[in-house]
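In: Need a 3D model of the sequence below.
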Amino acid sequence: MGKGTVVAVCTSVNKGERKKNVGAAMLLPNLGLEGDAHAGFQHRQVSLLALKSIEKMRNMGLDVNPGDFAENLTIQGMELISLPVGTRLRIGKSLLEVSQIGKECHNRCAIYYQAGDCVMPKEGIFAIVRQGGPIKVGDEIEVID
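Out: Predicted coordinates for the structure are as follows:
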């Protein structure tokens with residue numbers, strides 16, 4: 001539970017749209033992922049979603065991939081939803097702090113209509129960038145005390 005792997009690093013120019021896996025990016029302190037629409041967005045600077053959540057949607061017949069639920073980081077091998085607010089996560093030299101579990105969607109965004117459902121409100125988590133640095137696909141992510 002304490003470790004996982006980054007399988008996608010995703011950004012988009014606009015909020016509420018699918019993100020594209022760019023493979024690598026810079027995490028900017030107190031801002032988020034460089035070049036992403038959500039950078040600087042209060043306590044939801046970086047969004048994380050488990051690959052398992054995407055696979056669950058695939059099993060329901062949806063053609064979805066990492067980034068399709070507007071998550072910045074797709075993670076394999078870690079139970080993200082079980083991490084309490086305040087949990088610190090290290091990726092390379094970067095340090096994230098979990099700031100929110102799930103989110104309330106007041107209206108249906110483009111992702112919901114394109115994908116037919118969205119796992120982000122129930123299974124996504126959000127974090128603040130406490131310490132920046134480069135991150136890339138294949139990096140280990142771990143919970144630190």
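In: contacts and neighbour counts: CA atoms only from here.
Out: OK.
In: And the average pLDDT for stretch 83-93 is what?
Out: The average pLDDT within stretch 83-93 is 97.
In: Okay, now it: how far is its last residue from its first?
Out: 20 Å (CA to CA, to the nearest Å).
In: cool, and stretch 34-47?
Out: The straight-line separation of the ends of stretch 34-47 (CA to CA) is 13 Å.
In: Give me the buried positions along that stretch.
Out: 36-40, 43-47 (16 or more other CA atoms under 10 Å).
In: next one: stretch 55-72
Out: Going by neighbour count (16+ other CA under 10 Å), the buried part of stretch 55-72 is 55, 57, 64-72.
In: Turn those residues into JSON lines, including secondary structure, pLDDT and distance to residue 79.
Out: Output for the buried residues of stretch 55-72, formatted as JSON lines (DSSP: H, G, I helix; E, B strand; the rest coil; pLDDT from 0 to 100; distance: CA to CA, whole Å):
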{"residue": "55", "secondary structure": "helix", "pLDDT": "93", "distance to residue 79": "14"}
{"residue": "57", "secondary structure": "helix", "pLDDT": "84", "distance to residue 79": "17"}
{"residue": "64", "secondary structure": "coil", "pLDDT": "87", "distance to residue 79": "20"}
{"residue": "65", "secondary structure": "coil", "pLDDT": "91", "distance to residue 79": "19"}
{"residue": "66", "secondary structure": "coil", "pLDDT": "94", "distance to residue 79": "16"}
{"residue": "67", "secondary structure": "coil", "pLDDT": "92", "distance to residue 79": "18"}
{"residue": "68", "secondary structure": "coil", "pLDDT": "87", "distance to residue 79": "19"}
{"residue": "69", "secondary structure": "coil", "pLDDT": "83", "distance to residue 79": "17"}
{"residue": "70", "secondary structure": "coil", "pLDDT": "84", "distance to residue 79": "19"}
{"residue": "71", "secondary structure": "coil", "pLDDT": "91", "distance to residue 79": "15"}
{"residue": "72", "secondary structure": "coil", "pLDDT": "95", "distance to residue 79": "16"}
